[in-house]
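>>> below are the sequence and a predicted model for it; my questions follow.
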Protein chains: 4
Amino acid sequence: MAQSFRHRLSEMLDPEMHRGPGLSALNRLVVAGILVLILLTVLDTEVRITAQHGGLMRGIELALFAMFAAEYLGRLWVAPLNPRVRGALAYALTPSALLDLVVLASFLLPYLGPEATVFRLLQLARILRLARLGRYSRAMRLLFDAVRSRGPELMLSALVAVSLMLGAATLLYLVERQVQPEAFGSIPRSLWWAVETLTTVGYGDVIPVTPLGRLLAALTALCGIGVIALPAGVLAGAFSDAIRQAREDAAHHKPHSP
Amino acid sequence: MAQSFRHRLSEMLDPEMHRGPGLSALNRLVVAGILVLILLTVLDTEVRITAQHGGLMRGIELALFAMFAAEYLGRLWVAPLNPRVRGALAYALTPSALLDLVVLASFLLPYLGPEATVFRLLQLARILRLARLGRYSRAMRLLFDAVRSRGPELMLSALVAVSLMLGAATLLYLVERQVQPEAFGSIPRSLWWAVETLTTVGYGDVIPVTPLGRLLAALTALCGIGVIALPAGVLAGAFSDAIRQAREDAAHHKPHSP
Amino acid sequence: MAQSFRHRLSEMLDPEMHRGPGLSALNRLVVAGILVLILLTVLDTEVRITAQHGGLMRGIELALFAMFAAEYLGRLWVAPLNPRVRGALAYALTPSALLDLVVLASFLLPYLGPEATVFRLLQLARILRLARLGRYSRAMRLLFDAVRSRGPELMLSALVAVSLMLGAATLLYLVERQVQPEAFGSIPRSLWWAVETLTTVGYGDVIPVTPLGRLLAALTALCGIGVIALPAGVLAGAFSDAIRQAREDAAHHKPHSP
Amino acid sequence: MAQSFRHRLSEMLDPEMHRGPGLSALNRLVVAGILVLILLTVLDTEVRITAQHGGLMRGIELALFAMFAAEYLGRLWVAPLNPRVRGALAYALTPSALLDLVVLASFLLPYLGPEATVFRLLQLARILRLARLGRYSRAMRLLFDAVRSRGPELMLSALVAVSLMLGAATLLYLVERQVQPEAFGSIPRSLWWAVETLTTVGYGDVIPVTPLGRLLAALTALCGIGVIALPAGVLAGAFSDAIRQAREDAAHHKPHSP
């Protein structure tokens, strides 16, 4: 009976104390609870749904609150067992514990208005936090390293994109401002068109009408291909490189291990 | 006269029994028949076409039914010749034989209403099944392996995309819900806008009108580039890696063969 | 005086007889003439432009006709000097010479109506033909080889895309056909929406209105990212591979040359 | 007291004379000033903003003018200390110094009309110039080399895209010109549709209505995927190659250094 209930709970709640790969069953339940809460928070803003299923949704919300409150208290209780944490109070003041508290508080204040929904969506950060220690930790490091290692190239791609955007917006402003003052009467307005064209979103609410404006718009749309292809190419090269590097590292370390 | 007609039919119908590369002539005919049936099923829902060519289409349908029924019976007959299949009945209960039966049944029930068309489109799965054993098997494994080997990275890319989508939808909901209650009056409605912006589809039916909303929308559209570039980069790296790996494996195995 | 005018003309007109890298000055002039003719052909269909500059355009057209006629006769005259060509008549019957003749004929028949413009745009093929032998030959082979070497993978990507398209169109047809019979009343109509959504073009002329239809449409739009990312990734891997291969080949061949 | 104020200023202003990595604090201030000026120039065209904050904006503009004038005079003064520059007058005639003068002049002529804003946006070139010598120099060379090394392939991709565009526009012009003379009545008008479809921008202002036109439009939209995937793939391969090359070069040079 060496392992008390507290120790077993610690292993189940604290991903750093968990033995074996992946997340513990309890933490998977927490992730599921978070997903349900996010879905609930999203649906809760739609009057058509709350009018019909309001009672059910309040019930689920209450159950989730009870679950998350128990989880919070449990984490406080088992925190001292983790050698890296100094005590329950020290744990309570870590950013992640404070985030949990903010989320719990958002349950108690349903009358704060729709802005409070933002706090609940912060739950997504908790999923990422749990994922960091679970199966996705390697994938996360790979993604993060690849993006960071190409930071300057991506920044330059963004600079090129912004310069193109400013240039296109200014030219269209000069060409179309007399004909369509509402849409192209200033560079900020023109920028709205430039963004939706260069990103190839193309809502179609603002369209140049003069022949010269259309010629410039067509060139801008063609440049949009490069604006997407450049960062995609940079990232593709970075991932290809990161994967090879990881494999070579693995090959180097293998001979030393029995 | 060692090879009876049944053996020859088995070689022609069963891709696993086929000698030589690719699909047999008979199976190519089956693939062509499937493509014609799919085209027919699609066109059959358009009143303007059935009003003019209804008779012709019924004729083609009947011919295809006869062909697929003969194929089904033929496959049942030759199934026992394949050492991996235990008998005609065992074959008839395999998922692929049951799928064939469902497709055949869909011919007999043209008055089931438009939902029955879905069953016919399941034919596409048959093409993939035949392709798996033919010339495309290697390409299929390469595609499948590359996607699966980067599963965690693609999942994380999707998680980032969904988080961005939820965040953008929530912010736009907060900013625009007073001005455009119909389009941004709840997060689910806002999500419709967020999806079409982040995927750069941009139908243009829902567009923010406030200056702050437009600024956020522009930032969302720019993030959309990353949402496309990230999985494209991950997949590009994975394919590049899979191709190199396949070549190295081939180079390793070559020395052993004369 | 060993080299007659005919020999010099042969070197200038026939890319295979040309000494030195790239295209000869005369062939560059031909390429410029082709580009001018294409621009002229495009502008010629716009009444607003022909009404103003009709005379000038007829003049340029006449000059281009004279130039291309002289080029055609010149090529006939010098063809026998190329050891690979058997004689002027044999040359006149090659596809490229016949194409030149078709283009020349299109000048003589300006009253054939707008369909004749298509023949003139065939000139683009002539540019590609000249480019094949010039500086771009290596780039062309690299592009072509990369696309062809990944043929099965690209075909499968296309098959996946078409299946997604058919599936999305069928589902939207089932969901929306009662509400919007004009836009989703048959699978062919639904396919118009599916194509513009999966390719992220998003004209916005056809949009689902039911909640279930919108949910399916959002999922379709998200799948559209994969439909773009998959072939982009396949091609990226193929190019990366082709470049490395070309370099390794170059490294292998170097030691043998002095 | 070996280093006078002039020498210290030279080190702070001239990136080539700067010791240590990155940009000096003074040059970072200049970059910040340029960004503020660009933002100010953009906002200055919007009447709604100038009506409210006109006084404040004039004040910031004056301060920026003073700062850039001082910077210009400072650069003139310290230019002779850089061994690569022959003297203050020689420096004043370099393109970058003349660009600075043009930008300064744009302050003095606010009544030139909106066309003058273009001159101020030339400041973006100054950022690139400073970045070239700072931390981004390596990233810039990598991006530039990768794009240039694949120049012919990117040119061919563009040629393919333009050919597709011309072909699609011509076909749609032939099919739709009777039904929609305003939108498809000439090839230049048709090209507007072709550009927004092939780049997947899809404003939706011009849409084919005939069944044949829609079929061709759907095929064009599908080709648009290749038009984006091809250059993205070429660039991805080029970046992947450039990164590996840079690493191999680094590995080769290491053994020679202690």
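Here it is on my side, so go on. Numbers count the residues shown, from 1 in each chain, chains lettered A, B, ... in the order given.
>>> tell me the contacts of the residue nearest to A:Gly87 when sequence neighbours are not counted?
Spatial nearest neighbour of A:Gly87, chain neighbours left out: A:Pro80 (5.4 Å); criterion: CB to CB, 6 or more residues apart in numbering or on different chains. In this view, the C-beta of every residue, glycine as well, is placed from N, C-alpha and C. Neighbour list for A:Pro80: A:Arg86, A:Gly87, A:Ala88, A:Tyr91 [criterion: CB atoms under 8 Å, 6 or more residues apart in numbering or on different chains].
>>> chain B: which of those is nearest?
A:Tyr91 (25.7 Å; CB to the nearest CB).
>>> chain C versus the closest one, what's the distance?
Separation of A:Tyr91 from chain C (CB to the nearest CB, to the nearest Å): 38 Å.
>>> SS state for that residue?
helix (DSSP: H, G, I helix; E, B strand; the rest coil).
>>> and for the residue of chain A found nearest chain C, the neighbour number?
Of all residues in chain A, the one sitting closest to chain C is A:Ala236 (4.9 Å; CB to the nearest CB). Neighbour count of A:Ala236, defined by other CB atoms under 10 Å in any protein chain shown: 37.
>>> these two touch, right, it and B:Ala238?
No. A:Ala236 is beyond contact range of B:Ala238, at 9.7 Å (criterion: CB atoms under 8 Å).
>>> mutual contacts of those two, please.
C:Gly233.
>>> ok, which pair from the contacts of A:Pro80 is furthest apart?
Distance extremes for the contacts of A:Pro80: the farthest pair is A:Arg86 and A:Ala88 at 9.2 Å, using CB to CB.
>>> still on that earlier bit, check contacts around the residue of chain A closest to chain C.
So A:Ala236 contacts B:Ala232, B:Gly233, B:Ala236, B:Gly237, B:Ser240, C:Gly233, C:Ala236, D:Ala232, D:Ala236, D:Phe239, D:Ser240 (CB under 8 Å, 6+ apart).
>>> rebuild those residues as TSV, extending it with secondary structure, pLDDT and distance to C:Gln180.
TSV is the format used below for those (DSSP: H, G, I helix; E, B strand; the rest coil; pLDDT from 0 to 100; distance: CB to CB, whole Å):
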residue	secondary structure	pLDDT	distance to C:Gln180
B:Ala232	helix	79	33
B:Gly233	helix	79	38
B:Ala236	helix	78	38
B:Gly237	helix	76	42
B:Ser240	helix	74	44
C:Gly233	helix	79	35
C:Ala236	helix	78	39
D:Ala232	helix	79	35
D:Ala236	helix	78	40
D:Phe239	helix	78	45
D:Ser240	helix	74	46
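>>> out of the residues you listed, which comes closest to A:Arg8?
A:Arg8 has its nearest neighbour among the contacts of A:Ala236 in B:Gly237, at 41.1 Å by CB to CB.
>>> pull the number of nearby residues for the residue lying closest to the closest one once chain neighbours are set aside.
Using CB to CB, 6+ apart and skipping the chain neighbours, the partner closest in space to B:Gly237 is A:Phe239 (3.2 Å). For A:Phe239, the count of nearby residues is 32 (other CB under 10 Å).
>>> what's the answer for the one 3 residues further on, then?
Look at A:Ala242: counted by other CB under 10 Å, it has 21 neighbours.
>>> and the closest residue to it other than its chain neighbours, what does it touch?
Excluding the flanking residues, the one nearest A:Ala242 by CB to CB, 6+ apart is A:Ala146, at 4.6 Å. A:Ala146 makes contacts with A:Leu235, A:Ala238, A:Phe239, A:Asp241, A:Ala242, B:Gly233, as judged by CB under 8 Å, 6+ apart.
>>> closest to chain D out of those?
Distance to chain D across the contacts of A:Ala146 (CB to the nearest CB) is lowest for A:Asp241, with 5.1 Å.
>>> quick one: which helix or strand includes that closest one?
Here A:Asp241, judged by DSSP states H and E, is contained in helix A:211-253.
>>> what angle separates that helix from helix C:211-253?
Relative orientation of helix A:211-253 and helix C:211-253, computed by axes from the mean of the first three to the mean of the last three CA atoms, to 10 degrees: 70 degrees.
>>> helix A:211-253: how far from the chain's middle?
Mean C-alpha position of helix A:211-253 versus that of the full chain (CA atoms, centre = their mean, to the nearest Å) differs by 21 Å.
>>> over to stretch A:204-217?
Between the centre of stretch A:204-217 and the centre of its host chain there is 35 Å, according to CA atoms, centre = their mean.
>>> circling back to that earlier point, out of the contacts of A:Pro80, which end up buried?
Restricting the contacts of A:Pro80 to buried positions leaves A:Tyr91, with burial counted as 16 or more other CB atoms under 10 Å in any protein chain shown.
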